[in-house]
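Participant: Model the structure of this input:
(one chain, ligands or ions: 3)
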Amino acid sequence: MIKTLVFPYKVSILPLAKTGRVKEVKSSSAKMELSITRPDDWHLHLRDGDLLEAVVSHSAHHFGRAIVMPNLKPPITTTAAAVAYRESILKALPGSSVFNPLMTLYLTDTTSPHEIKLARESGVVFAVKLYPAGATTNSQDGVTDLFGKCLPVLEEMVEHNMPLLVHGEVTDPEVDVFDREKVFIATVLQPLIQKLPLLKVVMEHVTTMDAVRFVESCNEGFVAATVTPQHLLLNRNSLFQGGLQPHNYCLPVLKREIHRQAIVSAVTSGSKRFFLGTDSAPHERRKKECPCGCAGIYNAPVALSLYTKVFEEAGALDKLEAFTSFNGPDFYGLPRNTSKIKLNKNPWKVPESFPYASGNIIPMFAGVTLEWLPSSI
Ligand SMILES: NC(=O)N[C@@H](CC(=O)O)C(=O)O
Ligand SMILES: [Zn+2]
Ligand SMILES: [Zn+2]
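Facilitator: Numbering: from 1, shown residues only. Ligands and ions are numbered 1, 2, ... in the order given. A predicted model of the protein is given here:
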């Protein structure tokens with residue numbers, strides 16, 4: 001699954017002699033260290049209860065901030081609920097952590113424009129999330145008719161410069177599951193942007209060439225996309241390699257290789273429209289390995305290592321920092337982080353699982369050896 005990396009790269013890599021800090025690596029590969037501005041995660045599921053406690057430090061170790069998804073049970077539909085959820089995240093963090101959770105509201109058919117005003121005034125809510133009802137995990141309370149029910153709210157969001165984050169798939173069972181993103185763009189996103197050209201929209205976790213092209217065709221600064229490690233590294237074969245692979249199942253589902261390649265080209269081109277959003281989505285092992293397994297890949301512990309691998313393999317390590325640390329805050333109108341992290345070429349084995357009070361969480365690439373090891377400076 002993991003390819004051997006090719007050297008050398010033409011970018012700002014600090015050689016061992018210059019830094020004196022690079023650890024030994026087993027292979028004959030060059031010893032390398034990167035130093036980049038601390039990244040943020042612009043799409044993260046932290047859950048609640050003991051699952052929250054089990055996962056939050058994996059993100060907080062390396063990321064400065066994260067856009068926290070609101071698809072809890074019940075969903076975070078009000079500013080008051082978002083404020084309370086933020087408190088529980090802060091409580092679950094290790095004492096020394098400065099991780100800053102950026103909260104979101106879950107859009108429903110009955111969200112009021114006033115709620116958007118409250119969200120903006122709170123100073124802790126940074127976006128509103130659109131889940132088409134039935135599209136993904138915990139989306140049953142999502143929107144059934146965006147144009148029929150939500151226009152006043154969307155207009156209020158324009159007033160407050162509040163981004164709409166979109167799970168971009170139609171839910172019509174007649175539409176092939178691999179085409180749902182493409183059909184969503186044509187039937188929802190394109191008309192939405194025509195109607196409200198000043199609405200900021202993030203197309204979350206893009207999975208197709210169609211999404212890449214669409215985002216590139218829109219006004220920079222108004223439409224952007226997050227990209228996950230799995231959609232950069234895996235194609236739909238990974239769902240069936242040697243048997244059914246539930247830990248590679250997420251939504252939108254992995255697509256053909258040509259789509260993966262289009263996404264890699266887009267992010268490694270240096271475009272400002274694409275930024276890091278892991279969509280790390282933990283589920284307890286038995287909810288993945290069962291007759292009707294949940295969608296979601298837990299990648300928080302491996303995400304930075306994997307993004308670095310993608311940029312390295314594309315010969316584009318010089319574009320990594322903009323993707324991980326600049327494009328996101330620039331789009332959201334937030335300051336970039338000032339601290340740094342290191343990425344060392346220092347092979348490490350991904351744990352097979354993370355046990356916690358209610359069971360186990362299996363991370364993406366469990367048991368696989370990865371090359372890049374992130375650490376705080
Ligand atoms: N991506 C997923 O497959 N699952 C996410 C929901 C989502 O982001 O669509 C989850 O909350 O588990
Ligand atoms: Zn989603
Ligand atoms: Zn998600």
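Participant: Tell me how many other residues surround whichever residue of the chain sits closest to ligand 2.
Facilitator: Residue nearest to ligand 2 within the chain: His167 (3.6 Å; Cβ to the ion). Backbone N, C-alpha and C define where each C-beta goes, glycine included. For His167, the neighbour count with other Cβ atoms under 10 Å is 25.
Participant: Might you report the residue contacts of it?
Facilitator: Contacts for His167 (Cβ atoms under 8 Å, 6 or more residues apart in numbering) come out as Lys129, Leu130, Tyr131, Pro132, Ala135, Thr136, Ser139, Glu204, His205, Leu251, Pro252.
Participant: Kindly recompute the last result at 10 Å.
Facilitator: 43, 69, 71, 129-132, 135-137, 139, 142, 181, 184, 203-205, 251-252, 279 (Cβ atoms under 10 Å, 6 or more residues apart in numbering).
Participant: What parts of this protein come near ligand 2?
Facilitator: Contact residues (Cβ under 5 Å from the ion) of the chain with ligand 2: Thr136, His167.
Participant: ok, longest strand in this structure?
Facilitator: The residue-count maximum for a strand in the chain (DSSP state E) belongs to strand 340-349.
Participant: low-scoring stretches of this protein, by residue?
Facilitator: 1-30 (pLDDT under 70).
Participant: And the contacts of His167, which of them are buried?
Facilitator: The neighbour-count criterion (16 or more other Cβ atoms under 10 Å) marks 43, 69, 71, 129-132, 135-137, 139, 142, 181, 184, 203-205, 251-252, 279 among the contacts of His167 as buried.
Participant: C-terminal to the longest strand of the chain, what's the next element?
Facilitator: Scanning forward in sequence from strand 340-349 by DSSP states H and E, the next helix or strand is strand 354-356.
Participant: Packing partners of that following strand?
Facilitator: Here strand 354-356 touches helix 49-60, strand 359-361, going by 3 or more Cβ pairs under 10 Å, 6 or more residues apart in numbering; DSSP states H and E.
Participant: Isn't Tyr249 up against Cys290?
Facilitator: No. Taking contacts as Cβ atoms under 10 Å, Tyr249 lies outside contact range of Cys290: 11.6 Å.
Participant: who has more neighbours, these two?
Facilitator: Under the criterion of other Cβ under 10 Å, the comparison of Tyr249 against Cys290 puts Tyr249 first, with 19 against 10.
Participant: Now do the contacts for the more buried one.
Facilitator: Neighbouring residues of Tyr249 by Cβ under 10 Å, 6+ apart: Gln230, Ser238, Leu239, His283, Lys288, Gly293, Cys294, Ala295, Gly296, Ile297.
Participant: Pro252 now?
Facilitator: 135-136, 167-169, 177-178, 180-181, 184, 204-208, 211, 228, 231, 279, 295.
Participant: secondary structure class for it?
Facilitator: Under DSSP: H, G, I helix; E, B strand; the rest coil, the three-state class of Pro252 is coil.
Participant: Now it. Nearest residue, chain neighbours left out?
Facilitator: With sequence-adjacent residues excluded and distances taken as Cβ to Cβ, 6 or more residues apart in numbering, Pro252 is closest to Thr207, at 4.5 Å.
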